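Asks: can't give you the sequence, but here's the structure:
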Ligand code: CAA
């Protein structure tokens, strides 16, 4: 891979979009690499959490690549949107938890990339926005949908119609991010969060992700039935037996085995 760096730190994988000279803008090559990286992460059973961040000290991702988009036809524009949406849906439905560590500009496709992750935390230098209407386009990688679901339709419409960026403190206030850290503390905080998640029973954590994501699209009676099935399936796991056994025996549980 030349556009994304992947490191592993125990059960945590860290993927950094690595085009700092273009502020990590998403061109087709980056999207192709992200697609392949997600397949590799999914196939690696030792990875329990994925962190996404941006290389360099200015940007998470400053958007889809404007140079590549500038001369697209209607059909090519639609195809480019589909390409981004397919990759972001693959990210959103990755069975393990994902954390966006937003270390600077997260604009357009960058804000959309962070929103396809389960959890967003950011540095105090982060800037979020959907500048597309100022460029003559709509958000194209899910922004109209995920932003409205995360911060409500009214705030999403204001951000998208005005094309105005917001800073980290405002992103925290409207619930777009869960926490803001000093820039030099962001990756440490992301690792700590990832390790805390990775120490919990992985099958249960993955079942929770599925229950929340799929349940939100269902009426409540069907959603709780989905939870019941997943809750029941945990009782077939070794990790449930160890977790509850350890509690009853008043000892610390052994590291969970993902079984
Ligand atoms: N696409 C392509 N190149 C980009 C880029 C983008 N989205 N964002 C930044 N770059 C490039 C710049 O062209 C520049 O390249 P050169 O050095 O070769 O000129 C380099 O990155 C550094 O950028 P700046 O000199 O502009 O840096 P700055 O600090 O002055 O400004 C910025 C930073 C405010 C983020 C500014 O770069 C900017 O406004 N970028 C565009 C942001 C944007 O509009 N994003 C949305 C794109 S549309 C989209 O994403 C659609 C979608 O939903 C799929």
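Replies: All right, it came through fine. Everything numeric in this text was worked out from a predicted model, so none of it was measured.

Asks: since we're on the residue nearest to residue 259 when sequence neighbours are not counted, how many residues are nearby?
Replies: The shortest distance from residue 259 to any residue that is not its chain neighbour, by Cβ to Cβ, 6 or more residues apart in numbering, is 4.5 Å, and that residue is residue 238. Every residue, glycine included, has its C-beta placed from N, CA and C. Residues near residue 238, counting by other Cβ atoms under 10 Å, number 14.

Asks: Ok, residue 96 next?
Replies: Neighbours around residue 96, by other Cβ under 10 Å: 21.

Asks: a strand runs through residue 255, doesn't it?
Replies: No: Residue 255 sits outside any strand when classified using DSSP: H, G, I helix; E, B strand; the rest coil, being coil.

Asks: Next one: it from the ligand, what distance?
Replies: To the ligand, residue 255 is 41 Å away according to Cβ to the nearest ligand atom, to the nearest Å.

Asks: what's the answer for residue 230, then?
Replies: Taken as Cβ to the nearest ligand atom, the span from residue 230 to the ligand is 33 Å.

Asks: what do you get for residue 119?
Replies: Going from residue 119 to the ligand by Cβ to the nearest ligand atom gives 21 Å.

Asks: and what of residue 9?
Replies: Look at residue 9 and the ligand: by Cβ to the nearest ligand atom, they are 29 Å apart.

Asks: In contact with that residue, which residues?
Replies: Applying Cβ atoms under 8 Å, 6 or more residues apart in numbering, we find residue 9 in contact with residue 191.

Asks: And the helices in the chain, which stretches?
Replies: 28-43, 66-69, 74-92, 109-115, 143-151, 153-162, 168-173, 186-198, 202-215, 220-234, 238-248 (DSSP state H).

Asks: quick check, the fourth one touching the ligand?
Replies: It refers to helix 109-115. Yes: with Cβ under 6 Å from any ligand atom as the threshold, helix 109-115 lies in contact with the ligand, specifically through 109, 112.

Asks: for that helix, what is the average pLDDT?
Replies: Per-residue pLDDT over helix 109-115 has a mean of 98.

Asks: got a list of contacts for that helix?
Replies: 24-26, 52, 54, 59-64, 84, 88, 91, 100, 102, 106, 120, 128-130, 139-143, 146-147, 150, 176.

Asks: roughly how far apart are the spatially most central residue of the chain and the ligand?
Replies: Centrality entry for the chain: nearest residue to the mean C-alpha point is residue 117, 1.4 Å, by Cα atoms, centre = their mean. Relative to the ligand, residue 117 is positioned 16 Å away (Cβ to the nearest ligand atom).

Asks: Repeat that for residue 165.
Replies: From residue 165 over to the ligand (counting by Cβ to the nearest ligand atom), the distance is 8 Å.

Asks: Stretch 226-241: which residues count as buried?
Replies: 226, 227, 230, 237, 239, 240 (16 or more other Cβ atoms under 10 Å).

Asks: For those residues, give me TSV that also has pLDDT.
Replies: Supplementary listing: these in TSV, determined by pLDDT from 0 to 100:
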residue	pLDDT
226	98
227	98
230	98
237	98
239	98
240	98
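
Asks: which bits of the stretch 101-250 of the chain sit near the ligand?
Replies: Where proximity means Cβ under 6 Å from any ligand atom, the interface of the stretch 101-250 of the chain facing the ligand comprises 105, 107, 108, 109, 112, 131, 132, 135, 139, 140, 141, 143.

Asks: Sounds good, over and out.
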